[in-house]
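Undergrad: Sequence below, structure please.
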Amino acid sequence: MTGAAGRIPFRIVLLGLGALAMLTGLYGGLWRSGWALPHGGSVADLHGPLLVCGLFGTVISLERAVALGRDAAYAAPALAALGSLCLLAGLPPAVGALAYVLAAAVLSAATLFITTRQPALFMATLSLGALSWLVGNLLWLGGHSVPDVTGWWLAFLILTIAGERLELSRLTAPKSGSVVLFGAAVVLLLAGAAYGILDRGGAAMIGLALVAMTAWLVRHDVVRITLRRSGQTRFMAVCMAAGYAWLGIAGVLLLAAPPATATFGYDAVLHAVLVGFVLSMVFGHALIILPAVARVRLAYRPLLYAPLAVLHASVLLRIASDLLAWSDGRAWSGPLTVVALVGFVATLARTAAAKRA
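TA: Now for the predicted structure:
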């Protein structure tokens with residue numbers, strides 16, 4: 001590849017493979033929630049790996065490669081996409097897991113390289129996030145179950161997002177104790193991941209970490225300021241604020257109804273973090289990330305609030321149904337999430353087409 005312009009088609013292919021992982025992961029998730037979909041059972045067990053490693057791993061690695069601007073860094077998203085293709089092709093899961101391990105290793109190396117050039121707390125946080133993904137993938141490759149490694153995969157996503165928000169928080173005056181609170185949350189999160197989310201002690205540490213991280217984000221993030229703005233800036237702030245609320249709720253759920261004791265506690269926490277927190281962040285950053293990565297021209301439209309509202313309604317339905325053991329509610333939350341994602345992508349595509357006209 002030569003130059004940023006020459007990489008655009010490759011980036012678009014990687015984004016497409018990330019989308020493929022997302023669609024097949026959601027398909028497996030619908031089957032797991034009770035929908036009798038053709039061949040759904042063949043991807044049901046891959047629901048988590050495809051979404052965490054195949055979708056988020058590919059997209060986050062691609063964003064990092066674009067920021068670094070080095071050809072070698074593109075090996076991370078390429079290997080993550082390859083891992084998904086191996087899993088979908090029916091190869092032994094260890095083959096896909098190995099590709100994910102290599103992807104995480106490249107992402108960790110690239111992030112640590114940037115950290116040596118730009119030593120800062122937010123870069124250290126991003127590095128810990130990448131290393132958490134590597135640890136989780138190594139454990140999965142070593143034969144541990146998905147629930148056993150989920151703590152590390154959640155740490156990967158939470159620390160990546162927190163690191164990016166920490167970078168933006170530098171625009172505001174630092175408040176007393178902010179670094180201490182943030183550091184304590186990170187330590188608790190990593191310690192909890194080491195014990196595992198199914199362990200009562202591990203769940204308690206992750207729960208405390210998520211509550212502390214939410215308190216830090218509410219107090220120090222620029223969202224407090226940008227919520228007062230209008231247009232795209234306010235839309236992004238609303239996405240962030242809603243995501244922080246679900247992160248805090250996930251922490252409370254881990255403390256009050258840990259997965260080791262609650263029937264659907266594991267499911268509720270995962271959907272609060274992955275759909276309520278992470279996907280809300282994706283909605284909020286898409287108008288910035290997609291133009292930077294794929295060079296597409298997008299524009300904010302108030303209609304984007306509609307799929308965002310559906311997304312959070314789906315999380316609310318899922319968690320309420322988990323707590324009440326209401327199977328129909330759990331089943332319908334999945335299609336609602338799909339409607340939100342399809343609606344968001346369709347709205348963005350419409351704005352891109354309007355920009356070209």
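Undergrad: Next, the closest residue to residue 276 other than its chain neighbours: secondary structure please.
TA: With sequence-adjacent residues excluded and distances taken as C-beta to C-beta, 6 or more residues apart in numbering, residue 276 is closest to residue 246, at 2.8 Å. The way it works is simple: take the backbone N, C-alpha and C, and place the C-beta from them, glycine included. Reduced to three states with DSSP: H, G, I helix; E, B strand; the rest coil, the structure at residue 246 is helix.
Undergrad: can you count the residues close to residue 36?
TA: Residue 36 has 8 neighbouring residues, counting by other C-beta atoms under 10 Å.
Undergrad: Can you pull the phi/psi pair for it?
TA: phi -80, psi 70 (degrees, to the nearest 10).
Undergrad: The helix or strand harbouring residue 271 packs against which elements?
TA: Here residue 271 sits within helix 265-271, counting by DSSP states H and E. Counting contacts by 3 or more C-beta pairs under 8 Å, 6 or more residues apart in numbering; DSSP states H and E, helix 265-271 is packed against helix 146-169, helix 231-256, helix 305-324.
Undergrad: Which elements pack onto the next helix or strand along the chain from the last one?
TA: The helix or strand immediately downstream of helix 305-324 is helix 327-356, counting by DSSP H and E. For helix 327-356, the packing partners by 3+ C-beta pairs under 8 Å, 6+ apart come out as helix 3-32, helix 280-294, helix 305-324.
Undergrad: mind showing which ranges of the stretch 51-200 of the chain have poor pLDDT?
TA: Where the stretch 51-200 of the chain drops to pLDDT under 70, the residues are 170-176.
Undergrad: those helices in it, which residues are they?
TA: In the stretch 51-200 of the chain, the helices defined using DSSP state H, counting those that start in this stretch lie at 58-68, 75-88, 93-117, 121-141, 146-169, 178-195, 200-220.
Undergrad: Just the angle for the third one relative to helix 75-88, thanks.
TA: Put plainly, it is helix 93-117. Here helix 93-117 points in a direction 170 degrees away from that of helix 75-88 (axes from the mean of the first three to the mean of the last three C-alpha atoms, to 10 degrees).
Undergrad: Confirm for me that residue 161 is in contact with residue 281.
TA: Yes - if you go by C-beta atoms under 8 Å, residue 161 and residue 281 touch, sitting 5.3 Å apart.
Undergrad: Show me which of the two is the more surrounded one.
TA: Shown here are residue 161 and residue 281; by other C-beta under 10 Å, residue 161 has more neighbours (25 against 22).
Undergrad: what sits against that one?
TA: When contacts are counted by C-beta atoms under 8 Å, 6 or more residues apart in numbering, residue 161 touches 277-278, 281.
Undergrad: Point to the residue nearest the middle of the chain.
TA: residue 278 (4.2 Å; C-alpha atoms, centre = their mean).
Undergrad: hang on, it packs against residue 156?
TA: No - judged on C-beta under 8 Å, residue 278 makes no contact with residue 156 at a distance of 10.3 Å.
Undergrad: what's the overlap in contacts for these two?
TA: With C-beta under 8 Å, 6+ apart as the test, residue 278 and residue 156 both reach residue 56.
Undergrad: excluding its backbone neighbours, what's nearest residue 263?
TA: Once flanking residues are discounted, residue 263 sits nearest to residue 325: 6.2 Å by C-beta to C-beta, 6+ apart.
Undergrad: And for the one you found, the neighbour number?
TA: 11.
Undergrad: before we move on, what about the one 10 residues further on?
TA: For residue 335, the number of neighbouring residues by other C-beta under 10 Å comes to 14.
Undergrad: next one: residue 65
TA: Counted with other C-beta under 10 Å, residue 65 comes out at 26.
Undergrad: For residue 35, grab phi and psi.
TA: Per degrees, to the nearest 10, the backbone of residue 35 is at phi -90, psi 130.
Undergrad: hmm, back to that, now for the helices of the stretch 51-200 of the chain, which one comes closest to residue 36?
TA: helix 75-88 (20.5 Å; C-beta to C-beta).
Undergrad: just checking, what packs against the closest one?
TA: helix 3-32, helix 58-68, helix 93-117.
Undergrad: Let me have the helices and strands packed on helix 265-271 in a markdown table, extended by distance to residue 102.
TA: Shown next, in a markdown table, are the helices and strands packed on helix 265-271 (distance: least, C-beta to C-beta, whole Å):
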| stretch | distance to residue 102 |
| --- | --- |
| helix 146-169 | 15 |
| helix 231-256 | 30 |
| helix 305-324 | 32 |
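Undergrad: Deepest in the core, which of those is it.
TA: helix 146-169 (a mean of 23; mean count of other C-beta atoms under 10 Å).
Undergrad: tilt between that helix and helix 58-68?
TA: Going by the same axes, to 10 degrees, helix 146-169 makes 30 degrees with helix 58-68.
Undergrad: Now do helix 146-169 against helix 280-294, angle only.
TA: 70 degrees.
Undergrad: I'd like the distance from helix 146-169 to the chain centre, please.
TA: Computed by C-alpha atoms, centre = their mean, to the nearest Å, the chain-centroid distance of helix 146-169 equals 8 Å.
Undergrad: And stretch 96-114, by the same measure?
TA: 16 Å.
Undergrad: In that stretch, which residues are buried?
TA: Under the neighbour-count criterion of 16 or more other C-beta atoms under 10 Å, stretch 96-114 has 96-111, 114 buried.
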